[in-house]
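Trainee: no sequence for this one, just the structure:
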């Protein structure tokens, strides 16, 4: 089944499945039937305007109804959906548009103070881009009433979703999924929670990330009622959970603690919320115990843009497993642990986590990245290090990948370091994760100054602002050192820097 077939089947089965968008600028109360019909009208016009099977349609929109319409339109036209996070500046956006060869791009006019027309203009030459559609009259004309053609036929194994992840390199990596892998992911998560049709979900994730995109496709392809927020507001989230009787959500410890505090402050009823899934980030034991006291099961999961969910806890797991592990391998997925040479390590020993399963991606858009990403047999090398405990629960013990995970956002240390080293006061630099109670991790810049130079954190912030990259990548901690710790081959010892963070 491809995306168009799945969306039409879901809309036929539950046309009234509700969508609520809480937004100051683009609020919406609508249904799955209305969204899919609007998307099919748009997709029909896309085809008439020259969008063909396999063409890339980029969507740099927040959690708005319009994102869903574009996704349904791309499926109708046989095109590939490319969601892009709205925090990206011209550097990241330009790279993504040029590498992907996106033909159309949808953006807001302005969002959170950003002029998106200016961002696109600052990208430079975009030879493949035929059309930039800004939310407003041009968008409205594409979804207006009119005829609907049959969907353009595509195979379930064709590229259907292209998601860019920051990963470990300076440039984002294009992760390719087909409808088969995404629908398998949606079904495995539905099965894990009991396969109920009475679930309602709230999503705090921006839809440019795979977690946010999956929430959108869960609504489109499974008719799961959905509540969206285009900006995070813990007090509003608690109110929405109470009003819509939300049963499931996911997020970071930052999101969870904010919801709990806001509910306490306003006397909100969170009793409908039964399951909370958090990614591989430490959750304070006191927070989990507090959630358990009100019947809310909090459990970890482990996955990535490449393999969205590999392991997950469940509500019935013992407290120590919810606190300390990432759960067990989900049905259909496989996991093994290898050394640097790709050989299996003995059971119970740490090794690089390798995975495969029906949710696994097709590979990277840049084929040069694939050789290092896979072992023979189609095993994906995650770059994370861990082991299974005696009960089969996953323990993450280290990262081979040099990334910082700030509030669920992957930040490549290499990219931060490249910007740092362009500052005239900095002679040497390394970026590592520093623990943060709200965001999980933030960027810590460890720098060696040029002779006679001085540097403050405000100087660093101004330098990153001028560089034009996403503000989330700006260091929030600064450590000035006489020298960076290195091994005999000159490699910076990031583990030593992280230990002192």
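Mentor: Noted; the coordinates are in hand. Since the structure is predicted, the reported quantities are computational estimates derived from the model, not experimental observations.
Trainee: switch to C-alpha atoms for all contacts and neighbour counts from now on
Mentor: Noted.
Trainee: shaky segments in this structure?
Mentor: The chain contains residues with pLDDT under 70 at 167-170, 195-197, 280-282, 284-285, 487-491, 501.
Trainee: Could you point out the longest helix of it?
Mentor: Counting residues, the longest helix found in the chain (DSSP state H) is helix 32-48.
Trainee: what about the helix or strand hosting residue 405, distance to the chain center?
Mentor: Assessed by DSSP states H and E, residue 405 sits inside strand 403-406. Centroid separation between strand 403-406 and its chain, computed with Cα atoms, centre = their mean, to the nearest Å, is 12 Å.
Trainee: what do you get for stretch 81-93?
Mentor: Its chain's average C-alpha position is 12 Å from that of stretch 81-93, according to Cα atoms, centre = their mean.
Trainee: now swap in stretch 268-283 and tell me
Mentor: Mean-position distance between stretch 268-283 and its chain equals 18 Å (Cα atoms, centre = their mean).
Trainee: Report the separation between the two terminal residues of that stretch.
Mentor: From its first residue to its last, stretch 268-283 covers 22 Å (Cα to Cα, to the nearest Å).
Trainee: Also stretch 315-333?
Mentor: One end of stretch 315-333 sits 20 Å from the other (Cα to Cα).
Trainee: Return the list of helices and strands in contact with the strand holding residue 405.
Mentor: Helices and strands touching strand 403-406, by 3 or more Cα pairs under 8 Å, 6 or more residues apart in numbering; DSSP states H and E, are strand 409-412, strand 426-436, strand 440-449.
Trainee: Walk me through which strands it pairs with, and which way each runs.
Mentor: Sheet pairing of strand 403-406 (DSSP bridges) gives strand 409-412 (antiparallel).
Trainee: what helix or strand is residue 180 on?
Mentor: helix 179-192.
Trainee: elements contacting the next helix or strand after that helix?
Mentor: Per DSSP H and E, the first helix or strand lying C-terminal to helix 179-192 is strand 201-203. The contact analysis (3+ Cα pairs under 8 Å, 6+ apart) places strand 201-203 against helix 210-222, strand 226-229, strand 248-251.
Trainee: and the helix or strand just after the longest helix of the chain, which strands flank it?
Mentor: Note on helix 32-48: by DSSP H and E, the next helix or strand toward the C-terminus is strand 56-59. If you go by DSSP bridges, strand 56-59 pairs up with strand 80-83 (parallel), strand 104-107 (parallel).
Trainee: my guess is residue 120 contacts residue 88, does it?
Mentor: No - at 10.6 Å, residue 120 does not count as touching residue 88 under the criterion of Cα atoms under 8 Å.
Trainee: Between those two, which has more neighbouring residues?
Mentor: Between residue 120 and residue 88, residue 120 has the larger neighbour count (other Cα atoms under 10 Å), namely 20 against 17.
Trainee: my guess is that one is in a strand, correct?
Mentor: No - secondary structure of residue 120 (DSSP: H, G, I helix; E, B strand; the rest coil): helix, not part of a strand.
Trainee: List the contacts of it.
Mentor: Contacts for residue 120 (Cα atoms under 8 Å, 6 or more residues apart in numbering) come out as 90, 93, 94.
Trainee: Report the secondary structure state of the last one.
Mentor: In the three-state summary, residue 94 is assigned as helix, counting by three-state DSSP.
Trainee: what residues are up against it?
Mentor: For residue 94, the contacting residues are 120, 123, 124, 126, by Cα under 8 Å, 6+ apart.
Trainee: Distance of it relative to residue 123?
Mentor: Relative to residue 123, residue 94 is positioned 5 Å away (Cα to Cα).
Trainee: same question, the first one
Mentor: Remark: distance between residue 90 and residue 123 (Cα to Cα) = 5 Å.
Trainee: middle-most residue in the protein, spatially?
Mentor: The residue lying closest to the centre of the chain (Cα atoms, centre = their mean) is residue 209, at 2.5 Å.
Trainee: show me what contacts it?
Mentor: Contacts of residue 209 (Cα under 8 Å, 6+ apart): 83, 84, 85, 163, 164, 165, 305.
Trainee: residues contacting the residue lying closest to the fourth one once chain neighbours are set aside?
Mentor: Taking Cα to Cα, 6 or more residues apart in numbering as the measure, residue 163 lies nearest to residue 175, with 5.1 Å between them; neighbours along the chain are not counted. With contacts defined as Cα under 8 Å, 6+ apart, residue 175 is in contact with 162, 163, 164, 165, 305, 306, 361, 362, 363, 364, 365.
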